[in-house]
Structures are given as structure tokens and as C-alpha cells.
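A.B. asks: okay, structure incoming, though there's no sequence with it:
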């Protein structure tokens with residue numbers, strides 16, 4: 001079995017941890033079990049949160065992508081653990097996305113202030129590692 005198929009995404013929650021399997025698509029029943037919510041709640045959230053837009057397969061079955069499953073778990077946390085209203089959670093998610101705090105943001109998307117100094121520090125660190133490796137021979 002390839003290593004990629006064994007990867008799992010973990011979403012932290014105050015009551016525990018939900019493990020999202022490494023799959024491309026999830027049916028609404030699977031998302032319902034992962035989120036521990038009835039399917040009708042997920043269908044309602046689709047009308048309230050623009051981030052939840054599952055595609056429909058050829059049979060009409062809702063197919064959620066990984067980021068939508070993680071978003072549903074985030075919405076559940078905001079509503080049930082943090083006490084947000086639906087409108088408040090919608091606004092909070094919008095602000096998170098605007099500030100680049102969403103899970104899909106790249107960790108190195110924004111460069112630091114002084115680029116030249118950062119490069120010098122990286123170069124010095126690499127020279128130090130090279131010196132350690134050269135001395136082992």
C-alpha cells in the first residue's frame with residue numbers, strides 16, 4: 001500500500017480529534033458520520049455557508065471534497081463549541097479566509113520583511129550543516 005494512501009488529515013477539536021481519511025470525495029453519509037451530525041444539518045449548512053458546495057455525482061449523490069469536510073468540522077466547532085450564531089460563524093470564516101488563516105493557505109505565501117537578511121541566515125545555517133557533515137568523513 002503506498003504511503004500516500006495511509007495519510008490522514010487530523011482536525012483538532014476541544015472534545016477530541018477527528019481523522020479525515022485520505023480520499024478525494026466523501027458521500028454525505030460519510031461526512032455525516034465523521035462530523036457526528038445528521039445529513040439534514042449538512043444540507044442546511046450548504047444553504048448558509050458558501051464554503052460548503054459539494055458537487056453532485058451522476059446519481060445525484062452529494063460528493064464532498066476533503067476541504068469541504070474540514071470546513072464542515074470547522075463550522076461545527078464554531079457553532080457548538082465556541083457558541084457562534086450561523087451569521088457569526090459565516091462572518092468569522094469570511095474574515096479567516098480574507099486574512100489568509102484558512103487551512104488552504106500556503107505556509108510561505110507572504111515573504112518576510114527583510115529578504116536579504118533572511119537569505120544570509122539560511123546560507124549561514126546551510127554552511128554550518130555542511131561543515132558538520134564534512135567533519136564526519
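C.D. replies: Okay, I see it. Since the model is a prediction, treat every value here as computed from it, not as a measurement.
A.B. asks: residue ranges for the helices of this structure, please.
C.D. replies: 3-6, 28-35, 39-48, 66-76, 86-98, 115-135 (DSSP state H).
A.B. asks: hmm, residue 30 and residue 61 touching each other?
C.D. replies: No: with contact defined as Cβ atoms under 8 Å, residue 61 does not reach residue 30; the gap is 10.7 Å. To be clear about C-beta, it is placed using only N, CA and C from the backbone, and glycine gets the same treatment.
A.B. asks: adding mean pLDDT, write the helices of the chain out as JSON lines.
C.D. replies: Shown next, in JSON lines, are these (pLDDT from 0 to 100):
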{"stretch": "helix 3-6", "mean pLDDT": "44"}
{"stretch": "helix 28-35", "mean pLDDT": "94"}
{"stretch": "helix 39-48", "mean pLDDT": "96"}
{"stretch": "helix 66-76", "mean pLDDT": "94"}
{"stretch": "helix 86-98", "mean pLDDT": "91"}
{"stretch": "helix 115-135", "mean pLDDT": "81"}
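A.B. asks: closest to residue 55 out of those helices?
C.D. replies: helix 66-76 (9.4 Å; Cβ to Cβ).
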